[in-house]
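**Student:** sequence unknown, structure follows:
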């Protein structure tokens, strides 16, 4: 399908990936166009659902555990099961793979009891589910605030540097959310560019308090800015899931190398029969073949690679907390 988007649209997407809340005047200066042009383009893309800035939440910063599930279904039941999983507030990236008989998804569990209930009770009893393989995410090498757009975006180094916000200090430690925090994160999940006055009305706080709490949540690693965009905006091709087995002494090296590949949108170390997972994007099957036989083949100590092309993405990211 041909894209109706142009180079300015793609440059705007890249700019918002660098700083999703940058003023239109700052973006306009970096792109060499007027404020009005940037505002008009963003409004047009957002109104059609092609682009929106959203506030992402890293559940591991709140003590949650992430699982990658591979759910095998009877051929005529996979769509219904995938749609049922997509309706759950704790799932994201629900995809049909492997000829349409397997569903892959990410599930967030808040407690050990939640993990046990999910893995031992709820899913296996779902009608027409023939098997479940569960992989706990141990460490993320790329993903979350690290976006594929950063690798594919068209802006040059000068524009990127002009748009890059000052780095925030990292403040480790447990984070407790109150009702105001939850209202704030829910509002940002719907619109990551919502103004401080608007967010103040939602939370019942002052704009100054909203600004301060947003900064705190970002410093704690709970909140980050993300983009939801039409893949055609950047010419993104088909997605393929990789399940790799790597000798443990080389797992970190392989994961860090994988994270640097321009094709990789997400990479993590996991438990289970394989210990390294990646979501990769290639232009077509020939590009995927080249990627597998060059970059993946060069990874250290890889003993097994399984590929699962994504046939359909039923649900992307979920940001409820």
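**Tutor:** Perfect, thanks for sending it. Quick caveat, the model's predicted, so the values are computed rather than measured. Residues are numbered from 1 along each chain as shown.

**Student:** chain center to stretch 94-105: distance?
**Tutor:** Averaged C-alpha coordinates place stretch 94-105 at 18 Å from its chain's average position (C-alpha atoms, centre = their mean, to the nearest Å).

**Student:** quick check: end-to-end length of that stretch?
**Tutor:** When the termini of stretch 94-105 are compared using C-alpha to C-alpha, to the nearest Å, they are 4 Å apart.

**Student:** list the contacts of that stretch.
**Tutor:** Contact with stretch 94-105 is made by 68-75, 78-79, 81-82, 85-86, 91-93, 239, 241, 308-315, as judged by C-beta atoms under 8 Å, 6 or more residues apart in numbering. For glycine as for every other residue, the C-beta is placed from the backbone atoms N, C-alpha and C.

**Student:** and it, average pLDDT?
**Tutor:** Per-residue pLDDT values over stretch 94-105 give a mean of 90.

**Student:** what's the offset of stretch 276-290 from the middle of its chain?
**Tutor:** The chain centroid and the centroid of stretch 276-290 are separated by 17 Å, computed with C-alpha atoms, centre = their mean.

**Student:** show me where the stretch 151-300 of the chain has strands.
**Tutor:** When assigned using DSSP state E, counting those that start in this stretch, the strands of the stretch 151-300 of the chain occupy the ranges 223-229, 238-246, 264-270, 276-282.

**Student:** mean pLDDT for these - can I get that in a markdown table?
**Tutor:** Output for these, formatted as a markdown table (pLDDT from 0 to 100):
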| stretch | mean pLDDT |
| --- | --- |
| strand 223-229 | 91 |
| strand 238-246 | 95 |
| strand 264-270 | 96 |
| strand 276-282 | 96 |
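
**Student:** can you tell which of those is closest to residue 297?
**Tutor:** Across the strands of the stretch 151-300 of the chain, the minimum distance to residue 297, taken as C-beta to C-beta, is reached by strand 238-246, at 11.4 Å.

**Student:** ok, back up a step: can I get the strands of the stretch 151-300 of the chain in JSON lines including mean neighbour count and distance to residue 30?
**Tutor:** Conversion of these to JSON lines gives the following (neighbours: other C-beta atoms under 10 Å; distance: least, C-beta to C-beta, whole Å):
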{"stretch": "strand 223-229", "mean neighbour count": "21", "distance to residue 30": "17"}
{"stretch": "strand 238-246", "mean neighbour count": "21", "distance to residue 30": "29"}
{"stretch": "strand 264-270", "mean neighbour count": "22", "distance to residue 30": "24"}
{"stretch": "strand 276-282", "mean neighbour count": "23", "distance to residue 30": "26"}
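
**Student:** residue 200: which of those is closest?
**Tutor:** strand 223-229 (16.5 Å).

**Student:** ok, and what's touching that closest one?
**Tutor:** 13, 16-17, 19-21, 45, 50-58, 144-145, 147, 149, 185, 188, 192, 214, 217-218, 316-317.

**Student:** ok so, going back, and the contacts of stretch 94-105, which of them are in strands?
**Tutor:** The strands, defined by DSSP state E, take in 68-73, 91-93, 239, 241, 308-315 from the contacts of stretch 94-105.

**Student:** and those residues, which of them are buried?
**Tutor:** Buried members of these, counted by 16 or more other C-beta atoms under 10 Å: 68-73, 91-93, 239, 241, 308-311, 314-315.

**Student:** chain center to stretch 287-302: distance?
**Tutor:** Computed by C-alpha atoms, centre = their mean, the chain-centroid distance of stretch 287-302 equals 23 Å.

**Student:** let me fix that, I meant to ask about stretch 27-42.
**Tutor:** 26 Å.

**Student:** now the element after the helix or strand of the chain with the lowest mean pLDDT, going C-ward?
**Tutor:** Of all the helices and strands that make up the chain, the one with the lowest confidence by mean pLDDT, DSSP states H and E is helix 112-117; it has a mean of 64. For helix 112-117, the succeeding helix or strand toward the C-terminus, using DSSP states H and E, is strand 129-142.

**Student:** tell me which element the spatially closest residue to residue 162 that is not a sequence neighbour falls in.
**Tutor:** Leaving out its chain neighbours, the residue that sits closest to residue 162 by C-beta to C-beta, 6 or more residues apart in numbering is residue 30, at 4.6 Å. In this structure, residue 30 is located in helix 24-31 according to DSSP H and E.

**Student:** fine, thanks again, bye for now.
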